[in-house]
Structures are given as structure tokens and as C-alpha cells.
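Q: build me a structure from this.
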Amino acid sequence: MPERPLALFAMSADNPPLVFPPDVLRRIRASVDIDPALVAETFDNRPDNAAVRAALAEAEVLITGWGSPPVDAAVLAAAPRLRAVLHSAGSVKGLIGADCWERGVIVSSAADANALPVAEYTLGVIMLAGKDLFAARERYRTARTFTLAEIVPGIGNFGRRIGIVGASRIGRRLIELLRPFDFRVALADPYVDDAEAAALGVTRMSLDTLLGRSDIVSVHAPATPETKHLIGRRELGLMPDGAVLVNTARGSLVDTEALVPELISGRISAVLDVTEPEPLPASSPLFDLPNAFLTPHLAGSQGNELARLGLSVAEELERLMHGLPLSHQIDRTALERAA
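A: Below is the predicted model of the structure:
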């Protein structure tokens, strides 16, 4: 038996070098015995997967990530020593089966680490939208000239109302990032009361009121059956002329078919990092509308930001090995209404 507990990577094989660069991998290997070259893309009991199955039989920790196979009853039966799953990405909803919870396996996620770049992206978008940058760029590109020192009415970020839909991890992190600026921030979330809203430093509003009063609306609710098309035709109609809708959550939260005519009319604008469907069909009018700013689902961790996810796992692993409470342990009871 190894002196340190055995761990196993379970994710797409090309992910470990990106998420766990050498310095982060060293920290992980100081806590557990893990072979970075052995990555479980499947747990199938096939001859060519014998090394994975042998490691699974001894593993106390699974370090999962994007592309990981589900940890279900069959996996648990093949992993009698498993006591923790540390996920180097966001949601674990499609990863962890009911048997995992019932056996008492500890589950942790790097969702908080992944929330930061999304919140940073959204902050940047809000600041630029407040200056009408996206429309100004189109006007300048078309006219190829402007009047120097011209005062542009109706733009700016002083006192602008920002409406946050959903006090999720990302929503809360965005609220923190907005705090130093001269915004008026409102929140719509059925699970947040006035006292908690006050503690967050925001004004609690119903969704309808928030939509009707906000200059910029940023969507951060989880994708659940209840939130599908949370922002639909009626809700879009409540937004004032000139308002901007930002969606970095999930495409299903906004009814694309209802959004398109609102944007074609020019009444409102939208910044969309996610859409429904995703990607959009090449024929979608959203690609050509000057008031629709599209990015290809890149608000979350990208490039060197992936190392932050790996670092989160390394830190959780160190806590686990020292018998300390994990900082990002998943509460099964709260999972249903989380992302």
C-alpha cells in the first residue's frame, strides 16, 4: 500500500496539464499518490481500461473535471475505499449520483473559483455598456469620424441602476465587484429576504420591478425547470427603452425567440455569452444586429484561469488530508436550486 492515499484523475485526458500546471500538481502529489498520466475518461470494465479499474479499486479520492464520467452506483461498487470527490469545475449535478450522497462521500467543487472570471467578465461588460461602448463603436465604424469633445447625453455609470437576477455564487461575487463603483444595485431572488439583501448591500425587488427600473439587467440564476425562459416576452417588454440585458448564466434563462424582435426593433440591447440554442444557428439574426454583442461562452475559466480551478482542488485536498472542514463542500440539500 502507498504511504499516501491513492487518488485518480477522472476527466477528459487533455485537461490535467491545463488545470493542474506543474506547481499545482506538485501540491497535489505532496498530499496523495496520483499518476498524472493515468486519466479515467471512462470507468468501463474493458481490457484496455484495466489500469484505471485497478486504480479505482484503491482510490480514496477522485479528482474530477470537465469530461468526467458520472460517479454512480457501479463506480462506487468498484471503488470501496472512495471517500471524496473533488471536482475541478463548476456544477456537480450531472456528475454525482444519489448513491454517492447516501454512502457519505464528501463532494467538493471549484465552482467558487470558476465564478470569479464570470463575475469579472460581467463587471467589464456592465462598465462598457454604461458608456454605450458597443453602440458607439458601431457608429464610429460607420461614420469614420466624430466631433472631438462632444458630450454624449444619456451615457455614463454614475448612479446607473444595475439589476442582478439571482444571488448565485456569480451573482454574489458580481455584487462584491460592483461595490466600489457609483452604481445602484438591485437584486431579484425569491430565496433572499430583505435582511440578507441589506447585508449584501443591495435593494431587494421583485423580478418585474427590477426589470422595469434597471438600466442594465444581468442574469445569474441557475438553470432549472422553474427558470427556463425566466426572461421571456412579457419580461423583456418590462425593460425600459435603452436598457441592456446581459446573460452569462445559461441560454435557457432567456427566450431567444422573444429576444430577437426586441433587438431588431432597437428598443433594447443585449450582451450574450450564452444562448439557446448554443451555438446559435449560422442564420441567426443576432450575429448581424449592432445592438447584440455575442461572445462564444468564454466568460468562465479560460487559458491561465484554469490553474485557479486546480489550485482550489489542491487546497481542498490539503484540508481533507489534515482532517479539516472543506471550504467548498457541496450541500446536497441546496443542490436542487443551485447551478
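Q: what segments of the stretch 151-300 of the chain are strands?
A: For the stretch 151-300 of the chain, the strands defined by DSSP state E, counting those that start in this stretch cover 161-165, 184-188, 203-204, 216-219, 244-247, 269-272, 292-294.
Q: point out where the stretch 51-200 of the chain drops to low pLDDT.
A: For the stretch 51-200 of the chain, not a single residue meets the criterion pLDDT under 70.
Q: for it, which segments count as helices?
A: Using DSSP state H, counting those that start in this stretch, the helices found in the stretch 51-200 of the chain span residues 73-78, 98-103, 111-130, 133-143, 169-178, 194-200.
Q: between those, which one is nearest to A84?
A: Taking CB to CB, helix 98-103 is the member of these nearest to A84, at 10.4 Å. Where C-beta positions appear, they are placed from N, C-alpha and C, glycine not excepted.
Q: dump the helices of the stretch 51-200 of the chain to CSV, plus distance to S269 and mean neighbour count.
A: Supplementary listing: these in CSV, determined by distance: least, CB to CB, whole Å; neighbours: other CB atoms under 10 Å:
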stretch, distance to S269, mean neighbour count
helix 73-78, 46, 15
helix 98-103, 43, 14
helix 111-130, 7, 21
helix 133-143, 7, 13
helix 169-178, 19, 22
helix 194-200, 27, 13
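Q: would you reformat those as CSV and include distance to H328?
A: Putting the helices of the stretch 51-200 of the chain into CSV (distance: least, CB to CB, whole Å) gives the following:
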stretch, distance to H328
helix 73-78, 22
helix 98-103, 16
helix 111-130, 6
helix 133-143, 35
helix 169-178, 10
helix 194-200, 20
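Q: relative to F43, which of these is closest?
A: Shortest separation from F43 across the helices of the stretch 51-200 of the chain is recorded for helix 73-78, at 5.1 Å, computed as CB to CB.
Q: before we move on, the earlier item: any chance of CSV for the strands of the stretch 151-300 of the chain, columns distance to E3?
A: Formatted as CSV, the strands of the stretch 151-300 of the chain follow (distance: least, CB to CB, whole Å):
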stretch, distance to E3
strand 161-165, 48
strand 184-188, 50
strand 203-204, 53
strand 216-219, 49
strand 244-247, 49
strand 269-272, 51
strand 292-294, 52
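Q: turn the ones you listed into JSON lines, including distance to L128 and mean neighbour count.
A: Listed next are those as JSON lines, based on distance: least, CB to CB, whole Å; neighbours: other CB under 10 Å:
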{"stretch": "strand 161-165", "distance to L128": "13", "mean neighbour count": "26"}
{"stretch": "strand 184-188", "distance to L128": "17", "mean neighbour count": "21"}
{"stretch": "strand 203-204", "distance to L128": "24", "mean neighbour count": "18"}
{"stretch": "strand 216-219", "distance to L128": "10", "mean neighbour count": "26"}
{"stretch": "strand 244-247", "distance to L128": "10", "mean neighbour count": "26"}
{"stretch": "strand 269-272", "distance to L128": "9", "mean neighbour count": "24"}
{"stretch": "strand 292-294", "distance to L128": "9", "mean neighbour count": "20"}
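Q: got the contact list for A51?
A: The neighbourhood of A51, defined by CB atoms under 8 Å, 6 or more residues apart in numbering, consists of L38.
Q: from S218, how far off is it?
A: Computed as CB to CB, to the nearest Å, the A51 to S218 distance reads 46 Å.
Q: with P5 instead?
A: Using CB to CB, P5 is found at 42 Å from S218.
Q: same check on L289?
A: With distances defined as CB to CB, the gap from L289 to S218 amounts to 20 Å.
Q: tell me the contacts of A37?
A: Contact criterion CB under 8 Å, 6+ apart gives no residues in contact with A37.
Q: what does the one 5 residues further on give?
A: The contact partners of T42, by CB under 8 Å, 6+ apart, come to 49, 52, 69.
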